Structures are given as structure tokens and as C-alpha cells.
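In: Okay, predicted coordinates and the sequence, questions at the end:
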Amino acid sequence: MAVSVDQILRWKQTGQPTQPMAVLTAWDVMSAQIVDGAGADIVLVGDSLAMVALGYDTTLPLTLDDMLICAKAVRRGVKHALLVVDLPFLSYQTSGEDAIRTAGRMLKEAGAQAVKLEGGHSEVVETVRRLVQWGIPVMGHVGLTPQSVNQLGGFRKQGKTEAEADRILTEAQALERVGAFAIVLEHIPSDLARDITKALSIPTIGIGAGGYCDGQVLVTADVLGLSAWQPPFAKVYANLRQQAVAAAQQFCEEVRSGQYPA
Ligand code: KIV
């Protein structure tokens, strides 16, 4: 049976199952089939695809149309996991109406079951409240929020001072209050992630946030060793880029030497 938002919430609230949830990203049908087939509980069409699949330096240039194309392709490959889609930069910040329209398109056109958006200041919280009121499940995202990279001065760890840590905890609590069903905690100290996880009754999903979260997420291109660069907290489980280059080189050599076709 396919994973539902309700199941994700109950996971934390009942403590069953007891193991952390596993979340992976996807950007096209092949990556979706791979991570869904591997048993991920949630597949996230993260806007990191702007960097890993489209070659941009940040997530900012990604458009709503780019995201819809990728999300629809991922939908065709996901049969079991909960499908969550990121709202691209400036597709939801401009007004509550824009947020509803954008999130609505993700559900109506791409078949997403939930959307994720970044930040926890009062305007984001108000947007989440409106989306949830209209029946659109929302995953929050605090700590390092890559759409604010220019303001943060790079993809740096957040929450290192007491004031920052307090702010991030307060943001997570506010997102929970208005109905977010889960929250990504990105690149923050593990003690802070532990405190947030304890304080919330919705699941926390960590990335570079230590081992105390209710779940863990990584960008699949990093896990598979496909991306040219991986963040310091990523674990690389395979070296597919190297293997792919070697296979492509062998093909080129065999064509040139007449070995292929046999
Ligand atoms: O865009 C993304 O892939 C994400 C994850 C890193 C959580 O937001």
C-alpha cells in the first residue's frame, strides 16, 4: 500500500514502526524508480535538482515549469512512497494566492501528495497555515534553507549560536502549530536537532543534522556518487559517475576499434 501523510504523522505519534524513516530525492523517472524500488518511505522532488540535474550553481533559477516537468516524470516512477514536491524559489513567497496556486498545480498536475517549502518566519508560517486549511499537506524546512543562500552567505551550517538555535526551534514549533506534517532540519548541530525532535509531535527529517531526527534524507545523486561534488555531511554509497564514464569510454573505444558491433 502506498505511504500516506497520515501514516507519516502516526509514525511519530505512535512510535510505530520504531525505526527512522528513509527519504531520498528524485528528479526523473529513472531516479524515482530506483529510490521507490529501494523502499524509500518518502520520495522528495527536491529543488536540489536545479543543481544536480540541471547544472545550476544554486536552486534559485529553477522555474515552476521546470519543476512540474520533473515532478510529473517522478510521479510516473513512484508506486509506493509518499511523493513530496518542493515549491521553487519565488513560486510561493510573493503572496498567499500564489502559494495556493503553485502548490495546487503540484497536486493537480504532477500528482504530488504534499509540498515542501523553506523557512519559518511569520510570512512562511501564514502561508503554511493557508495551504493546510485548503487541504494541501505541507512539509516544512528550517536550518540551512538553500533558497536563502545569498542571505546566509553560502551553504553554511546554521544554528551554531544560542540565538540562532532558539530562532530555528521557534520556527519549527510555529510550523507545527499551523499544521505542517513533518519538517526537514538541514545542516544544524545534532544537539539542536535532538531538542527540536523532542519538542515536536510531528516527525523531523534530518540532512546534516545528526542522528537524533525521526528520519534522514539525502540527495540521491550524492548517495549514488553521481554528483560532481557532495556536501560534507553526505554519505556516498556507490561510485556511479566513475563507472558510467568508464562504460562510456569503453563504448567509444570499441566503436573506434571496430569491436562494437560484434
Ligand atoms: O532540495 C532538496 O533536495 C532538499 C533536501 C536536501 C531536503 O530540500
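Out: Received, thanks. Numbering: from 1, shown residues only.

In: what residues are up against Glu164?
Out: The contact partners of Glu164, by Cβ atoms under 8 Å, 6 or more residues apart in numbering, come to Gln158. (C-beta placed from N, C-alpha, C; glycine too.)

In: Ramachandran angles for it?
Out: Torsion angles at Glu164 (phi, psi; degrees, to the nearest 10) stand at phi -70, psi -40.

In: got the residue ranges for the strands in the stretch 51-200 of the chain?
Out: 82-86, 114-116, 138-143, 182-186 (DSSP state E, counting those that start in this stretch).

In: State the number of residues packed around the closest residue to Arg130 other than its chain neighbours.
Out: Spatial nearest neighbour of Arg130, excluding adjacent residues (Cβ to Cβ, 6 or more residues apart in numbering): Gly96 at 4.9 Å. Gly96 has 15 neighbouring residues, counting by other Cβ atoms under 10 Å.

In: Next: Asp6.
Out: 11.

In: ok, now Ala38?
Out: Neighbours around Ala38, by other Cβ under 10 Å: 12.

In: Just checking the distance from the longest helix along the chain to the centre of its chain.
Out: Counting by DSSP state H, the longest helix found in the chain is helix 240-257. Distance of helix 240-257 from its chain centroid, counting by Cα atoms, centre = their mean, to the nearest Å, is 32 Å.

In: which residues does Gly210 contact?
Out: Pro189, Ser190, Asp191, Ala193, Arg194 are the contacts of Gly210 under Cβ under 8 Å, 6+ apart.

In: For the nearest residue to the third one once chain neighbours are set aside, give its distance to the ligand.
Out: What that stands for is Asp191. Nearest residue to Asp191 in three dimensions, chain neighbours excluded: Gly210, at 7.7 Å (Cβ to Cβ, 6+ apart). Between Gly210 and the ligand the distance is 15 Å, computed by Cβ to the nearest ligand atom, to the nearest Å.

In: if I look at Gly210, how far off is Arg129?
Out: Using Cβ to Cβ, to the nearest Å, Gly210 is found at 29 Å from Arg129.

In: cool, and Leu54?
Out: 32 Å.

In: before we move on, what about Pro17?
Out: 30 Å.

In: Next: Ala112.
Out: Counting by Cβ to Cβ, the gap from Ala112 to Arg129 is 19 Å.

In: Give me the more crowded residue out of those two.
Out: Remark: of Ala112 and Arg129, Ala112 carries more neighbours, 28 against 18, as counted by other Cβ under 10 Å.

In: In this structure the more buried one contacts Val45, no?
Out: Yes: under the contact definition of Cβ atoms under 8 Å, Ala112 touches Val45, with a separation of 7.5 Å.
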